[in-house]
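Undergrad: Dropping the sequence and predicted coords here.
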Amino acid sequence: MSDAIVIIPTYNEIENVESIIRAVFSQHKAFDVLIVDDNSPDQTAIRVKELQDEFKNQLFLLERKEKSGLGTAYIAGFEWVLDKNYQFVFEMDADFSHNPDDLKRLYEACANHGADISVGSRYVKGITVVNWPMSRILLSYGASRYVRFITRMKVKDSTAGFVCYKRKVLEAINLKKVKFVGYAFQIEMKFKAHKKGFKIVEIPVIFKDRTKGNSKMSGSIITEAIFGVISLKLKSLFAK
């Protein structure tokens, strides 16, 4: 058993799931993998079950009954992981927008260099995004600037979904009170950790848009992020 596990939520990722699992297991550092699948109609979960025969005690599957948001998938994954002995817990997409080769760098930041959370950041050294239309880059970058202004966090890529948490961070956050499910989930987790005084470090990565499968981005997710940030900040002020 590794000391680190990568949580990968899936919904209709049959084109990517085997490749991303093999890419994680090919790293020199040993990582376990937990797939959280939301009852994918394309039978993603069935392919994962087939691979479990090959990767015994390394590859795990948590099946949910329906698609109910990225945030709730990660919360379910976190709760599953905290029942085990993992010390480092990762979030990563299934579509190779996050490079598995960067897992070791995020791990090293938390395991050896004092970070409580390490974030694979698109904006800590300029804008390192490949194959996105300019409109989406401006939306994402603008959202991160907006979050910094409202929350006063120093994190430049607050919506990033490529993250390593030390176990103690997840134990300190009341996961049952995490409210948001889309982009705002990523912001909320970082903001709650920031308010508790945990050290967040950004590691520059190159983000590549998916080449297979369909994006899960929607207008409701963007709206949640815009108004959710204000809600988070106001609640933090009244909590003092």
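TA: Okay, I see it.

Undergrad: contacts and neighbour counts: CA atoms only from here.
TA: Will do.

Undergrad: what's stretch 194-211 in contact with?
TA: Stretch 194-211 has contacts (Cα atoms under 8 Å, 6 or more residues apart in numbering) with 95-99, 102, 105-106, 109, 114-125, 128-132, 153, 155-156, 169, 190.

Undergrad: Out of the residues you listed, list just those in strands.
TA: Using DSSP state E, the members of these that fall in strands are 117-121, 129-130.

Undergrad: what's the angle between the helix or strand where Glu188 lies and strand 117-121?
TA: Assessed by DSSP states H and E, Glu188 sits inside helix 183-195. Counting by axes from the mean of the first three to the mean of the last three Cα atoms, to 10 degrees, helix 183-195 lies at 140 degrees to strand 117-121.

Undergrad: Tell me the buried residues in helix 183-195?
TA: Within helix 183-195, the residues that qualify as buried are 183-194, counting by 16 or more other Cα atoms under 10 Å.

Undergrad: For the residue lying closest to Ala109 once chain neighbours are set aside, grab the count of nearby residues.
TA: Among residues not flanking Ala109 along the chain, Ala115 sits closest, at 5.6 Å (Cα to Cα, 6 or more residues apart in numbering). Neighbouring residues of Ala115 were enumerated by other Cα atoms under 10 Å; the total is 21.

Undergrad: Weed out the non-buried ones from the ones in strands among the contacts of stretch 194-211.
TA: Applying 16+ other Cα under 10 Å to these, the neighbour count classes 117-121, 129 as buried.

Undergrad: now the helix holding Glu188, how far from the centre of its chain.
TA: Once both centres are worked out by Cα atoms, centre = their mean, to the nearest Å, helix 183-195 turns out to sit 11 Å from its chain's centre.

Undergrad: Quick one: mean pLDDT for that helix?
TA: When pLDDT is averaged over helix 183-195, the result is 91.

Undergrad: what angle do the helix or strand just after that helix and helix 183-195 make?
TA: Going down the chain from helix 183-195, the next helix or strand is strand 200-204, by DSSP H and E. In terms of direction (the same axes, to 10 degrees), strand 200-204 departs from helix 183-195 by 130 degrees.

Undergrad: any idea how far whichever helix or strand comes after strand 200-204 is from the chain center?
TA: Later in the chain than strand 200-204, the nearest helix or strand by DSSP H and E is strand 207-208. With Cα atoms, centre = their mean as the basis, strand 207-208 stands 14 Å off its chain's centre.

Undergrad: Strand 207-208 pairs with which strands, parallel or anti?
TA: strand 129-130 (parallel) (DSSP bridges).

Undergrad: I'm done for today, thanks for sticking with me.
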